[in-house]
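1. Quick one, what's the 3D model for this:
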Amino acid sequence: MTYVSLQLPPMPYYIAIGQTVYKPGEQHPNRRNLGLFDLLWVTKGTLFIGEEDKQWEVKAGEALLLLPDRYHYSTKPCDSDTSFYWIHFDFKGEWKEYTADTSSPPMPLRQVWENPYFIQIPQYAAPPEFPLAERHLGQLLTYSSEHQRGVYWQEHQLFIELLGLLEERRDRESTDSPAMKLASKTEAYIRQHYQSELTNAALAEALHFHPNYIVRCMKEIYHCSPMDYLHQYRLEQAKLLLVKTEWSIAVIADKTGFRHAPYFSNCFRAYTGTSPLKYRKQFSR
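-> Model (predicted):
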């Protein structure tokens, strides 16, 4: 299974929608480097289509995401009446494709000034909520004939909900995996107790798993150990306190679990490239 991962922000943004109907013998046009993502939702028949060295038979109830910098072509004409919606959208951030048997992008550390997130969309899928998706697509097509300023927000809301419906299947698979469950519990525990003395042994006792297994799950999902995550999270909280409070460096060090101000200052400089006091001055009036 191939997935396409888009790191947010920025958000993907909707360009246009259309509906195409092919009679038997007709086929999808060949084209190269469209420059936009092309999301196809087949509602009737079968669409025979390829992208570079990949080929699919996209049946009713299935969706396919064609990538903006690839060669797309028809592998053969339709053998029955075939109808599908297409959505063109763009994305100005970073995106990559990966397969289920390779390493997926790490879950990001939620930092103070941003909330990064990866949309992870299967390139080819049969979304379980396809009937809902089809209703959204019909409404989106209706909006396309209206004045854009009057329906701008409605269009983009429907578009984002469609991406969410595509991502749901991947979410359920990930959430059901033991590694994801334990990594999520570990992250939540670290965020709740980061001010305390935390060790791998303490995590193991609290979560009732062997410390080596906890470390392995965190590295699989977050690509870092629990103690690395704890260290980064403490420093992110320190950044927030430096800006939001007038507390001394010693107090902030204690509040974020570092206890000793000189050690905190050294860690902060290594993490941000500047001292805590200089960081604070960047945001002071």
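2. For stretch 243-251, list the C-alpha coordinates in PDB.
-> Extracted in PDB, the C-alpha atoms of stretch 243-251 (Å, rounded to 0.1, in the frame of the first residue of the first chain):
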ATOM      1  CA  VAL A 243       7.800  34.500  26.900                       C
ATOM      2  CA  LYS A 244       4.600  34.300  29.000                       C
ATOM      3  CA  THR A 245       6.100  34.900  32.400                       C
ATOM      4  CA  GLU A 246       8.700  37.000  34.100                       C
ATOM      5  CA  TRP A 247      10.000  34.100  36.200                       C
ATOM      6  CA  SER A 248      13.700  33.800  36.700                       C
ATOM      7  CA  ILE A 249      15.700  31.300  34.800                       C
ATOM      8  CA  ALA A 250      16.100  29.200  38.000                       C
ATOM      9  CA  VAL A 251      12.300  29.100  38.500                       C
END
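3. contacting residues for residue 44?
-> Contact analysis of residue 44 by Cβ atoms under 8 Å, 6 or more residues apart in numbering lists 60, 81, 82, 83, 84. C-beta coordinates here come from the backbone N, C-alpha and C atoms, glycine included.
4. Next, name the residue at the spatial heart of the protein.
-> By Cα atoms, centre = their mean, the chain has its centre lying nearest to residue 118, at 1.6 Å.
5. Any idea how far the helix or strand containing that residue is from the middle of the chain?
-> Assessed by DSSP states H and E, residue 118 sits inside strand 117-122. Relative to its parent chain, strand 117-122 has a centroid offset of 3 Å by Cα atoms, centre = their mean, to the nearest Å.
6. list the buried ones in it?
-> Using 16 or more other Cβ atoms under 10 Å as the test for burial, strand 117-122 gives 118, 119, 120, 121, 122.
7. List the beta-bridge partners for the closest residue to the second one other than its chain neighbours.
-> Spatially, and ignoring its direct neighbours in sequence, residue 119 is nearest to residue 6 (4.5 Å; Cβ to Cβ, 6 or more residues apart in numbering). Legend: beta-bridge partners of residue 6 under DSSP bridges are residue 95, residue 119.
8. hang on, residue 6 packs against residue 12?
-> Yes. With contacts counted by Cβ atoms under 8 Å, residue 6 reaches residue 12, the gap being 6.2 Å.
9. Hmm, residue 119 and residue 5 touching each other?
-> Yes. In this structure residue 5 lies within contact range of residue 119 using Cβ under 8 Å: 7.0 Å.
10. What does residue 47 show for phi and psi?
-> Dihedral angles of residue 47 (phi, psi; degrees, to the nearest 10) stand at phi -110, psi 120.
11. Please apply the same query to the one 10 residues further on.
-> Listed backbone geometry of residue 57 is phi -110, psi 100, with angles given as degrees, to the nearest 10.
12. surely it meets residue 46?
-> Yes. In this structure, residue 57 is within contact of residue 46 by Cβ under 8 Å, at 5.5 Å.
13. So which of these two has more stuff around it?
-> Set residue 57 next to residue 46 and count neighbours by other Cβ atoms under 10 Å: residue 46 wins out with 19 against 13.
14. confidence score at the residue nearest to that one when sequence neighbours are not counted?
-> Ranked by Cβ to Cβ, 6+ apart and with sequence neighbours excluded, the top spatial neighbour of residue 46 is residue 59, at 5.0 Å. Looking at residue 59, its pLDDT reads 97.
15. Same check on residue 102?
-> Listed pLDDT for residue 102 reads 56.
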